[in-house]
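S.K.: Quick check, what structure comes out for this input:
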Amino acid sequence: MPLTNRLKEHRARLGVNQQELGSLAGVSRQTISQIERGDYSPSVTLALKLAKICGVQVEDIFTYQEEESHA
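M.R.: Reported below is the predicted structural model:
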């Protein structure tokens, strides 16, 4: 998957669980869980909101890597 994240690390640093982070961000615990597992790519707005809550730049949490093409 081209989008990876370190949300779980930043959430742990804040000392909040998935439910609490979801409440702060206005989303469900399940959404936070799906983002952390890499099963869901958040909207730009949600990614920015999560970064602001964590007190970091969005690039500190989310990394995008182009998939290599094997031509």
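S.K.: who's L3 bridged to?
M.R.: L3 has these beta-bridge partners by DSSP bridges: Y64.
S.K.: pretty sure it is in contact with F62, am I right?
M.R.: Yes - using CB atoms under 8 Å, L3 is in contact with F62, at 6.3 Å. Glycine gets a C-beta too; all of them are placed from N, C-alpha and C.
S.K.: ok, these two, which is more surrounded?
M.R.: Using other CB atoms under 10 Å, the more surrounded residue of L3 and F62 is F62, with 20 against 14.
S.K.: Chain neighbours aside, what residue packs nearest to that one?
M.R.: N5 (5.0 Å; CB to CB, 6 or more residues apart in numbering).
S.K.: quick one, helices of this protein?
M.R.: 7-14, 18-25, 29-37, 44-54, 58-61 (DSSP state H).
S.K.: For the ones you listed, could you give me a markdown table that also reports mean pLDDT, distance to E67 and mean neighbour count?
M.R.: Formatted as a markdown table, the helices of the chain follow (pLDDT from 0 to 100; distance: least, CB to CB, whole Å; neighbours: other CB atoms under 10 Å):
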| stretch | mean pLDDT | distance to E67 | mean neighbour count |
| --- | --- | --- | --- |
| helix 7-14 | 97 | 21 | 16 |
| helix 18-25 | 98 | 28 | 17 |
| helix 29-37 | 98 | 19 | 17 |
| helix 44-54 | 98 | 20 | 16 |
| helix 58-61 | 97 | 19 | 16 |
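S.K.: can these go into CSV with extra columns for distance to E68?
M.R.: Below are the helices of the chain laid out as CSV (distance: least, CB to CB, whole Å):
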stretch, distance to E68
helix 7-14, 25
helix 18-25, 32
helix 29-37, 23
helix 44-54, 24
helix 58-61, 21
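S.K.: residues touching the residue nearest to F62, list them.
M.R.: 35-36, 38, 61-63 (CB atoms under 8 Å, 6 or more residues apart in numbering).
S.K.: which of those lies closest to R11?
M.R.: Closest approach between those and R11, by CB to CB: E36, at 7.7 Å.
S.K.: so the closest one makes contact with T4?
M.R.: No - under the criterion of CB under 8 Å, E36 makes no contact with T4, lying 10.8 Å away.
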